[in-house]
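[1] no sequence on hand, only this structure:
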C-alpha cells in the first residue's frame, strides 16, 4: 500500500482536492472567472473546440468539465491554481521526496509520452539530473504542438512508464480522498459536496465522489 506506482488519476485528484479545500474556505471561489491560457491544452478536451487566450469560464464550469473527464479543463485549473500551489499540496501528502516534482499537466504528459525517443526536448526531460533541469525542459516543451489524437490512439500498450508518469501509493491516494471528504464536511454551505457529487447519476446515488 505504500509503494508508489504509476497512477494517472493522481493527475486530477491532487489539484482538484486542493481546489476543494480552497472552496471550503471560500465557497464564492467557484464563481470566480478563470481566463483561459492557450498553452494549457490536452488531447482530451471535448468541451473546447479551441482554447483562446483570455476566454472566460467560471471555475465551477471547469471543475464540472474536469470531473467529467475533460483533461484540458484539468490543465486550465492547474494553471489557475498555480503549479507551485499544486506541488505544495502534493508535498503535504507525499513529502519532500515526492516523485511528482515538477507536477506535469496532462498536455505535458502527452507530449513527453509521444515525442520521438531521440527528440531533444524529450531527452532533455528524461535525462535531466535534477528537478531544476526537468523544470527547464518543460519551459522549452511548452512551445511544442500536441501530438495528434491518432498518434495517441495508435499506442496499444503502456509506454515510458518509468520515465513519464504521475506516481502515488494507495495510502497517499486514500489520504488525499480523506482530505477531500474533510473539505466537504468543513463547508457548511454544501458547495463542495454539491460540486463534486452532482456530476452523474452514479455519483448522486453513492453520495460520494467516485
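    Yep, it's here. Please read these numbers as outputs of a predicted model, since none were measured by experiment.
[2] all contacts plus neighbour counts: C-alpha atoms, from now on.
    OK.
[3] if I look at residue 18, how far off is residue 88?
    From residue 18 across to residue 88, the span is 10 Å (Cα to Cα, to the nearest Å).
[4] who's more crowded, these two?
    residue 18 (23 against 16; other Cα atoms under 10 Å).
[5] look up how far residue 161 lies from the more buried one.
    26 Å.
[6] number of nearby residues for residue 112?
    By other Cα under 10 Å, neighbour count at residue 112 equals 26.
[7] how far does the helix or strand that it is a member of sit from its chain's centre?
    Residue 112 is located in helix 106-114, with elements delineated by DSSP states H and E. In terms of Cα atoms, centre = their mean, to the nearest Å, the gap separating the centre of helix 106-114 from the centre of its chain is 12 Å.
[8] pull out the buried residues from the next helix-or-strand element following it.
    Sequence order places helix 120-126 as the next helix or strand after helix 106-114, per DSSP H and E. For helix 120-126, a neighbour-count test (16 or more other Cα atoms under 10 Å) marks 121, 122, 124, 125, 126 as buried.
[9] likewise for stretch 172-190?
    172, 173, 176, 177, 179, 180, 181, 183, 184, 186, 187.
[10] show me where pLDDT drops low in this structure?
    Applying pLDDT under 70 to the chain flags the ranges 199-210.
[11] show me the helices in it, by range?
    For the chain, helices defined by DSSP state H occupy the ranges 10-25, 59-67, 71-81, 83-94, 106-114, 120-126, 131-141, 149-153, 170-186, 191-197, 201-206.
[12] helices or strands up against the third one?
    If I follow you right, that is helix 71-81. Judged by 3 or more Cα pairs under 8 Å, 6 or more residues apart in numbering; DSSP states H and E, helix 71-81 is in contact with helix 10-25, helix 59-67, helix 106-114.
[13] among those, which is nearest residue 79?
    Using Cα to Cα as the measure, helix 10-25 is the one of these that comes nearest residue 79, at 10.0 Å.
[14] next, the angle from the closest one to helix 106-114.
    Following axes from the mean of the first three to the mean of the last three Cα atoms, to 10 degrees, one obtains 170 degrees for the angle between helix 10-25 and helix 106-114.
[15] got the buried residues for helix 10-25?
    10-24.
[16] do the same with stretch 159-175
    Residues of stretch 159-175 classed as buried: 164, 165, 166, 167, 168, 169, 172, 173 (neighbour count, 16+ other Cα under 10 Å).
[17] just to revisit the earlier point, counting by contacts, list what the helix holding residue 112 packs against.
    helix 71-81, helix 131-141, helix 149-153.
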